[in-house]
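In: Based on what follows, work out the 3D shape:
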Amino acid sequence: MAAPRSTRTGTRRAAGSRRCSRTRWTTTSARSSPPRSRCCASWGPTVAERNRLIPALVYTALAAAIISSLGLLLVPTLAREFDVTVSTAQWTLTINLLVGAIATPVLGRLSDGPHKRRILLVTLAVVLAGSVLAATATTFAVLVVGRALQGLSYAITPMTIALARRYAPADKVRTGIASLSVTVATGIGLGYPLTGIIAATFDFRYAFWFAAAFVVSAIVVVVVAVPKGPDEHGLRVPFDTAGAALLSIGLAALLLGISEGSRWGWGSTTTLGILAGAVVVLAGWVWRELRTDHPLIRLDLLRHSDVLLANATALSIGTAMYIGVSVISLIAQAPTSTGYGAGMPLFWAGFVMFPLSVGSQLASRTARALSHRLPFTLLLPIGAAFTTGANLLMLVAHDEVADLMIGMLLVGVGIGTTYAAMPGLIARGVAAQELGSAVSFNQVLRTVGGSIGSAIAGAVIATHLGPGSRPTGHGIELTFVISAVGCAVVTLALATHAVLAARRARRLLGDTHGSVLHQIEVLEPRDGGSVQPSDAPTDAVPARDRVTTT
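Out: Numbers count the residues shown, from 1 in each chain. From the prediction side, this is the model:
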């Protein structure tokens, strides 16, 4: 006897569900997509949710970048308000940078797991607590603790990139990642003038209250726009606690030695001992990461030329560029009697950095458009060339506000171009579930590079002091010379690599008549998927990370 129609229908639906559940999704490549069958039609966020995701993530990353820029203009004010020396007040910046460098790789790895949204919300909540603590601090020690909690804001950009790669529409992944990668520069350009206006008009505490309000708005945006629930395709592996501890200790020691070396003395036992200890600990971390089954950061991915190039660029250009950028605020607020100062009050001094935001945004949009025609490897030296030109310009002309603003505009163009290209290179060479940790490691290298550049600038200034303990004009010019030379060396190295990569790709493709500017294009995915470049090692994506269906 035939079964009732309703029973047969239920049986077919159950069978369809079983077929759908038998598909195992891991990572093949830079990006995976769910199966497009009717039984899986309800999978994941809706089209509308996906379309509003990128703007929401950009806003969140921008809020974090603005918060991370707080403090530099406030150092003299904090020293006066809490009755401490300027070098002691500098710890409000140092501790923020230390915590950021430590938290970024740890939270980046956690964001590769299934609970991306939850981790982002918890991180924002901690940053909010730090902002409130800094705003209500009655002692300098409490202020330092608040600034330390705010340091987690450095980790938010890599987390938003991982979310964009996982949930954004395929045709918006490339542009979304590029937009998110330059929010750091944009946030700095916006954060400086906002800090100056608020602190000069009201009180320095209102700057931290503003940060708290900004974080609250970011939390609301994440709650509304980011898909709820765990990511079914996120990594579910044991967390590398030992690796996180080694990296945290090593980075903390390295940045501490660099930040305080000029005050302790670069040849002192304390400085040399801390730096040597940092090298030993970081070497031990590398040794462990290459041998453990579930590392904090997949260092073996550095064998891929694209990933190695992006990370080397992050460290080198960050160091060279920040040598010059770190003295801009000093020049803007120095009196005109020094021969180099612009004599700007705190209210207006922050506006000198605003062109940095404009330049980075314009360059990011241009780089995204050019990335369809030019290889990422060519965009990198173009961006580095702009930073070289900016430092040369400020070397010969830096005593007028217009000179500084033009220089910052060019620096912004350089940052926007290079920062837009680096995540694209990384995304092309790693699996989707590894993207959060891979980009966070790149972010760490940017932070370390910036701190090294700032330390070099501080060492130069400390050895060229004039009356009133103000830097001499020669010391200011020397920082721009060192920065320009460093950026020029990086530009030359990147340009050489781009030429060699183009020649190698032409030989591999056998296209002797093709344009050098187009021949890498075929190596990049056009449909949101991933194509491993032909020069990538065959094990760039391990077998355990590939898609298998049964």
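In: which stretches of this structure have low pLDDT?
Out: Applying pLDDT under 70 to the chain flags the ranges 1-49, 86-87, 113, 229-236, 432-437, 468-469, 510-550.
In: what's the domain layout of it?
Out: The chain breaks down into these domains under automatic domain parsing: 45-228, 240-295, 301-526.
In: okay if I get those domains as TSV plus mean neighbour count?
Out: The way it works is simple: take the backbone N, C-alpha and C, and place the C-beta from them, glycine included. Formatted as TSV, the domains of the chain follow (neighbours: other Cβ atoms under 10 Å):
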stretch	mean neighbour count
domain 45-228	21
domain 240-295	17
domain 301-526	21
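In: Could you point out the longest helix of the chain?
Out: Criterion DSSP state H: the longest helix present in the chain is helix 473-509.
In: Mind giving me the packing neighbours of that helix?
Out: Judged by 3 or more Cβ pairs under 8 Å, 6 or more residues apart in numbering; DSSP states H and E, the packing partners of helix 473-509 are helix 305-325, helix 376-396, helix 435-462.
In: Distance from that helix to the middle of the chain?
Out: Computed by Cα atoms, centre = their mean, to the nearest Å, the chain-centroid distance of helix 473-509 equals 21 Å.
In: Residues in contact with the helix or strand encompassing residue 355: which ones?
Out: According to DSSP states H and E, residue 355 maps onto helix 354-370. Here helix 354-370 makes contact (Cβ atoms under 8 Å, 6 or more residues apart in numbering) with 174-175, 178-179, 181-182, 185-190, 192-193, 379, 383, 386, 405-406, 408-417, 419-421.
In: Restricted to helices, list those residues.
Out: Cross-referencing those against helices under DSSP H gives 174-175, 178-179, 181, 185-190, 192-193, 379, 383, 386, 405-406, 408-417, 419-421.
In: mind listing what residue 412 touches?
Out: Residue 412 sits next to 185, 189, 355-363 when contact means Cβ under 8 Å, 6+ apart.
In: Distance to residue 329 for those residues - can I get that in JSON lines?
Out: Formatted as JSON lines, the contacts of residue 412 follow (distance: Cβ to Cβ, whole Å):
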{"residue": "185", "distance to residue 329": "16"}
{"residue": "189", "distance to residue 329": "13"}
{"residue": "355", "distance to residue 329": "14"}
{"residue": "356", "distance to residue 329": "12"}
{"residue": "357", "distance to residue 329": "15"}
{"residue": "358", "distance to residue 329": "18"}
{"residue": "359", "distance to residue 329": "17"}
{"residue": "360", "distance to residue 329": "17"}
{"residue": "361", "distance to residue 329": "21"}
{"residue": "362", "distance to residue 329": "23"}
{"residue": "363", "distance to residue 329": "22"}
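In: okay, which residue is most central for the chain?
Out: With distances taken as Cα atoms, centre = their mean, residue 443 lies nearest the centre of the chain, 3.8 Å away.
In: So which other helices or strands are in contact with the host helix or strand of residue 133?
Out: Counting by DSSP H and E, the element that carries residue 133 is helix 116-135. For helix 116-135, the packing partners by 3+ Cβ pairs under 8 Å, 6+ apart come out as helix 53-68, helix 91-110, helix 140-150, helix 156-167, helix 204-225.
In: Out of the ones you listed, which is closest to residue 284?
Out: Residue 284 lies closest, by Cβ to Cβ, to one member of the helices and strands packed on helix 116-135: helix 91-110, at 15.5 Å.
In: okay, the helices and strands packed on helix 116-135 in a markdown table with distance to residue 505 next?
Out: As requested, the helices and strands packed on helix 116-135 are exported to a markdown table (distance: least, Cβ to Cβ, whole Å):
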| stretch | distance to residue 505 |
| --- | --- |
| helix 53-68 | 30 |
| helix 91-110 | 30 |
| helix 140-150 | 44 |
| helix 156-167 | 25 |
| helix 204-225 | 39 |
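In: which outside residues touch stretch 448-466?
Out: Contacts to stretch 448-466, defined as Cβ under 8 Å, 6+ apart, come from residues 97, 101, 251, 254-255, 258-259, 261-262, 266, 314-327, 330, 338, 471-472, 474-476, 478-479, 482-483.
In: Then stretch 490-501?
Out: Applying Cβ under 8 Å, 6+ apart, the external contacts of stretch 490-501 come out as 305, 309, 313, 316-317, 320, 375, 377-378, 380-381, 384-385, 388, 520.
In: and of these, the nearest to residue 395?
Out: Relative to residue 395, the closest of these is residue 388; by Cβ to Cβ it sits at 10.7 Å.
In: What sits closest to that closest one if chain neighbours are left out?
Out: residue 487 (4.0 Å; Cβ to Cβ, 6 or more residues apart in numbering).
In: what's the spacing between residue 485 and residue 203?
Out: From residue 485 across to residue 203, the span is 42 Å (Cβ to Cβ, to the nearest Å).
In: Quick check: residue 296 is in a helix.
Out: No - under DSSP: H, G, I helix; E, B strand; the rest coil, residue 296 falls outside any helix and is assigned coil.
In: contacting residues around it?
Out: Residue 296 makes contacts with 105-106, 109, 239-240, 243-244, 247, 289, 437, as judged by Cβ under 8 Å, 6+ apart.
In: try 6 Å
Out: Residue 296 sits next to 109, 240, 243-244 when contact means Cβ atoms under 6 Å, 6 or more residues apart in numbering.
In: now residue 73
Out: Contacts of residue 73 (Cβ under 6 Å, 6+ apart): 195-196, 350.
In: Is residue 343 in a helix, a strand, or coil?
Out: Classified using three-state DSSP, residue 343 is coil.
In: er, residue 291 I mean
Out: Look at residue 291: counting by three-state DSSP, its state is coil.
In: can you give me phi and psi for it?
Out: The phi/psi pair for residue 291 (degrees, to the nearest 10) reads phi -120, psi -10.
In: All further residue positions should be reported with the first residue as 36.
Out: All set: I'll call the first residue 36, so the last point we hit is now residue 326.
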